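J.: Please find the sequence and the predicted model below.
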Amino acid sequence: MHRFAPLLMTLAVAAAQAQPADFTPSDRVESLLSQMTLAEKVGQMTQLTLTPLAVAPSQGSGRVEMDAAKLREAVVDRGIGSIINVHDDALPVEGWHALLREIQTVALEEGRLGIPVLYGIDNVHGANYVVGGTIFPHGVGMGATFDRDLAEQAGIVTASESAAAGLTWNFAPVMDVGRQPLWPRFYETFGEDPFLAGELGAATIRGLQASGEIAATMKHYLGYGGPISGKDRTPIEGSMRVVRERHLPPFAAAVEAGAMTVMINSGEIDGVPVHASQYWLTDVLRGELGFEGVAVTDWEDIIFLHTRHRVAPTMKDAVRMAVEAGIDISMTPYDYDFTDLLVELVEEGTIPESRVDESVRRILTLKEKLHLFDEPHPNPALAGDVGTDAHTEAARQAARQSITLLKNEGAILPLAPEAKVAVIGPAADDLTALHGGWSYTWQGTDDQFFPEGSPTLLDAIRTRAAGASYARGATWTDADDVEAAVAAAQEADVVVLALGETGYAEWVGDIEDLALPDAQLDLAQAVIATGTPVVLVLLEGRPRLINRIASGVQAVVMGYWPGSEGAEALAETLFGEVNPSGRLSMTYPDGPNGITAYDHKYPEALGVGFTRIPDGFVPQFEFGDGLSYTTFAASGLSTSEAEIGTDGEVDVEVTITNTGDRAGRHAVLLFSRQHFASLTPHVRRLRDFSDVDLEPGESETVRFTLTPEDLAFIGLDGRPVVEPGTFSVMIDDQEATFEVIGPVRFLADVPRR
């Protein structure tokens, strides 16, 4: 039986039936549309944030006091269709219920047509805007699990707790591919691989939408995760062909999984802001991918067409460009300029009212699919669904499987219970280092809002090593009594050195240097110089460079931002109660100019100087790296056919054996390589993954099937193509080859892999 059977079984059927969302309007939708004025229609396309409608922030009070006049203007006079966000901090279930009931009561009882309001929230790694909500690892940590079931489970739990608070529209999951580790939203992605992002993102969507109470949002369409500068909301690197090959497949998977809504990328592709691109928003998203749901802008992004991208001479031009391109809802989010200007554009004949009707049909259909017309108010009976023991265990298991052991010289880990441990570093006794951004507050840096009693890593270690000493030694950016840290290290048998990052979200997390701050690296070097063995624990949202200290530590444990159960999961791993099984969902660079992904081209891997050889790609740690407290051996990798046509399939199988002395889980990653092609081929690409749980001495045979889609790449004309030639498949240290023969074959659909 599946390890999450109690939680999964009730929703398994619904999730298995996920398919592209059907937004065929009902008779009720058409009837409402026929009665609406132009102003009411445009109101449905307008989205405000909560702040301008509230009297003041909740400031931890658990309630938001609304300005009655401003609320009435928004949802009655203006007919605003959706509201988003919190006012600075998370609310308890009761606070959400009071807020949403007030909004819906005004809209339903005073609005001319009684249309309910759609409320959106960024519950991106669990119910992170619900007090007491279950917080999962951020996306890059979930990616390290290589576990579709876990991702689906996280979606189910998040949906359950969001629905308990009355929240029906979730701005998650992030389907972006994290190609630029400087980017401050890197941690929200499932990692650097398009197939991994598509598989785990699709599983999350199935979980979120399985109950029919929550709409998931695939974001941020398209290419957000590869900014040239590494800064948030900046242009991406890559031609249209690269965008199709690297960034589009996860969104194809999300549409196939039934995502009801999409949020648009704030950046631009080849000089065209995505919010103004009819090609990407209509021709590709709706035409090629078949998406029928609601497209919402990101924060102020229509405004930015005028003020930032400077492709629209006026705000009116910006509104016209975005609506013509294909947006349905404008996240305005503070004023009614979009509303007024769109009314003007329709009245003057620049935009036909039929175009507005398209968007309003989708919006009303979404509200109907979420049962808001029939059940507009939060259900008090669901309040007990937040923070249950089962949900907590699901988050703990996700954190356990995400933790990635990258180095373990001399088998220093696991730690012995009797070891004298010194815990050092700014991440050791800090909750923000476990949760990261989007945790009870936008930036996740205000720990007064974290649940009382939440353990830090230091707390979790002390429950296992009561005599553990502690010295911070440095803040995130400055030295802080390094001498005390050195003294603690000298008196210990082993040091657990916890470094990394405090929380941040979006542009606030922009940085100029990927290296850990000097204060942390200097602290590490001082501790290493004592000669006491060091276990480096990294709690961070992106791979901050550690090349100055990596060779001096005996063990490296990548914790990512593991969520509310992360401290316990890390301590369990450090002391051997859990056998680590995470594998890196990203390439960990070894230098500031070493930002090269695992699926690079051969010319990208040339070394420097006299070392210019095809294996010059030497990162700190590679995508897919991850050690265990046992050992695994792969053997017998083979293909079912030595030769297939360009329209054929081939089965791949390998036997995995636990050759160590304790039980463990092993993620089995299948890569392929085309030896020669008309465009420079990738060194390797992830094509599928699975896992095995094995007792010592136990073996299991794992099988995969490769289809033409798996063998394709995007040609110069933008179409996926399969070319004949020699292919290799690789699993761990095993490799096998087969031949593809026959004519070049073009595929009709956007490949997901």
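T.: On my side now, so go ahead.

J.: who's in contact with the nearest residue to Phe676 once chain neighbours are set aside?
T.: Nearest non-adjacent residue to Phe676, counting by CB to CB, 6 or more residues apart in numbering: Gly725, 5.6 Å away. Where you see a C-beta, it was placed from the backbone N, CA and C, and this is true even at glycine. In this structure, Gly725 makes contact with Gln674, His675, Phe676, Ala677, Glu739, Val740, judged by CB atoms under 8 Å, 6 or more residues apart in numbering.

J.: Out of those, list just those in strands.
T.: Of these, the ones assigned to strands by DSSP state E are Gln674, Glu739, Val740.

J.: now those residues in JSON lines, with neighbour count and pLDDT?
T.: Formatted as JSON lines, those follow (neighbours: other CB atoms under 10 Å; pLDDT from 0 to 100):
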{"residue": "Gln674", "neighbour count": "21", "pLDDT": "97"}
{"residue": "Glu739", "neighbour count": "13", "pLDDT": "98"}
{"residue": "Val740", "neighbour count": "22", "pLDDT": "97"}
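
J.: Just the closest of the residues you listed to Ser330, please.
T.: Comparing the ones in strands among the contacts of Gly725 against Ser330 with CB to CB places Gln674 closest, at 43.6 Å.

J.: So Ser551, which state does it fall into?
T.: When classified by DSSP: H, G, I helix; E, B strand; the rest coil, Ser551 comes out as helix.

J.: again, but for Thr158
T.: Assignment for Thr158 (three-state DSSP): helix.

J.: Next up, the contacts around it.
T.: By CB under 8 Å, 6+ apart, the contact set of Thr158 is Asn123, Gly126, Ala127, Thr134, Phe136, Asn170, Ala172, Gly207, Leu208, Ile214.

J.: taking these one by one, which sit in strands?
T.: Asn170.

J.: Against Glu641, how distant is the residue nearest to Phe676?
T.: From Gly725 across to Glu641, the span is 15 Å (CB to CB, to the nearest Å).

J.: Spell out which residues make up each domain of the chain.
T.: 36-376, 392-596, 632-746 (automatic domain parsing).

J.: Using TSV, please lay out those together with distance to Glu604.
T.: Listed next are those as TSV, based on distance: least, CB to CB, whole Å:
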stretch	distance to Glu604
domain 36-376	13
domain 392-596	6
domain 632-746	8
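
J.: what's the spacing between the residue nearest to Arg355 when sequence neighbours are not counted and Thr261?
T.: Closest residue in space to Arg355, ignoring its immediate chain neighbours: Val323 at 6.5 Å, by CB to CB, 6+ apart. Val323 sits 17 Å away from Thr261, going by CB to CB.

J.: quick one: what helix or strand has the nearest residue to Ser266 once chain neighbours are set aside in it?
T.: Closest residue to Ser266 apart from its sequence neighbours, by CB to CB, 6+ apart: Arg233 at 4.1 Å. In the assignment (DSSP states H and E), Arg233 maps to no helix and no strand.

J.: what's the burial count for Arg233?
T.: Neighbourhood size, Arg233 [other CB atoms under 10 Å]: 22.

J.: repeat for Leu108
T.: 18.

J.: Verify the contact between it and Pro116 for me.
T.: Yes: assessed by CB atoms under 8 Å, Leu108 is found in contact with Pro116 at 6.2 Å.

J.: Quick check: neighbours shared by those two?
T.: Joint contacts of Leu108 and Pro116 (CB under 8 Å, 6+ apart) are Pro376.

J.: can you count the residues close to the residue nearest to Asp232 when sequence neighbours are not counted?
T.: Distance criterion CB to CB, 6+ apart; nearest residue to Asp232, sequence neighbours excluded, is Trp507 at 4.0 Å. Burial of Trp507 is recorded as 13 neighbouring residues (other CB under 10 Å).

J.: ok but Trp507 is inside a helix, no?
T.: Yes: applying three-state DSSP, one finds Trp507 inside a helix.

J.: mind checking how far it is from Arg185?
T.: Taking CB to CB, one finds Trp507 at 9 Å from Arg185.

J.: so what sits against both of those two?
T.: Asp232.

J.: for the protein, what are the low-confidence residue spans?
T.: Low-confidence segments of the chain (pLDDT under 70): 1-18, 607-615, 749-753.

J.: Identify the residues contacting Val311.
T.: Val272, Pro273, Ala276, Leu305, Met321.

J.: related to what we said a few turns ago, could you measure the residue nearest to Phe676 against Arg684, distance?
T.: 15 Å.

J.: for Arg286, same thing?
T.: 33 Å.

J.: More neighbours: which of the two?
T.: Neighbour comparison, Arg286 and Arg684: the larger count goes to Arg684, with 19 against 16 (by other CB under 10 Å).

J.: and the helix or strand encompassing the residue nearest to Arg355, what other elements does it pack with?
T.: Taking DSSP H and E as the criterion, Val323 maps to helix 315-325. With contacts taken as 3 or more CB pairs under 8 Å, 6 or more residues apart in numbering; DSSP states H and E, helix 315-325 sits against helix 301-307, helix 337-347, helix 353-369.

J.: now the angle from that helix to helix 337-347?
T.: 70 degrees (axes from the mean of the first three to the mean of the last three CA atoms, to 10 degrees).

J.: what's next to helix 315-325, contact-wise?
T.: 275-278, 281-282, 297, 301-303, 305-306, 311-312, 330, 337-338, 341-342, 344-345, 350-351, 355-356, 359.

J.: Buried by neighbour count, from the residues you listed: which ones?
T.: Buried subset of the contacts of helix 315-325 (neighbour count, 16 or more other CB atoms under 10 Å): 275-277, 281-282, 297, 301-303, 305-306, 311-312, 330, 337-338, 341-342, 345, 351, 356, 359.

J.: May I see the buried residues of stretch 54-69?
T.: Ala54, Ser58, Gly62, Val64, Met66.

J.: residues contacting Arg264?
T.: Wrong residue type there; residue 264 is Ile, not Arg. With CB under 8 Å, 6+ apart, Ile264 has these contacts: Lys219, His220, Tyr221, Val274, His275, Leu281, Ala295, Val296, Thr297, Asp298, Asp301, Ile327.

J.: Actually, Glu245.
T.: With contacts defined as CB under 8 Å, 6+ apart, the neighbours of Glu245 are Pro194, Phe713, Ile714.

J.: Quick check: closest non-adjacent residue to the first one.
T.: Put plainly, it is Pro194. Pro249 (4.6 Å).

J.: Pull the number of nearby residues for the one you found.
T.: So Pro249, with other CB under 10 Å, has 24 neighbours.

J.: what packs against the host helix or strand of it?
T.: Assigned by DSSP H and E, Pro249 falls within helix 248-256. Here helix 248-256 touches helix 194-209, strand 217-221, going by 3+ CB pairs under 8 Å, 6+ apart.

J.: ok, the closest residue to Pro313 other than its chain neighbours - contacts?
T.: Counting by CB to CB, 6+ apart, Pro313 lies nearest to His306, which is 7.4 Å off, once chain neighbours are set aside. Taking CB under 8 Å, 6+ apart, we find His306 in contact with Ala312, Pro313, Thr314, Met315, Asp317, Ala318.

J.: any idea how far Val319 is from His306?
T.: 9 Å.

J.: Then Gln734?
T.: Taking CB to CB, one finds Gln734 at 56 Å from Val319.

J.: higher neighbour count, those two?
T.: Using other CB under 10 Å, the more surrounded residue of Gln734 and Val319 is Val319, with 29 against 15.

J.: quick revisit: kindly reformat the helices and strands packed on helix 248-256 as JSON lines containing mean neighbour count and distance to Gly437.
T.: Shown next, in JSON lines, are the helices and strands packed on helix 248-256 (neighbours: other CB atoms under 10 Å; distance: least, CB to CB, whole Å):
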{"stretch": "helix 194-209", "mean neighbour count": "28", "distance to Gly437": "18"}
{"stretch": "strand 217-221", "mean neighbour count": "27", "distance to Gly437": "15"}
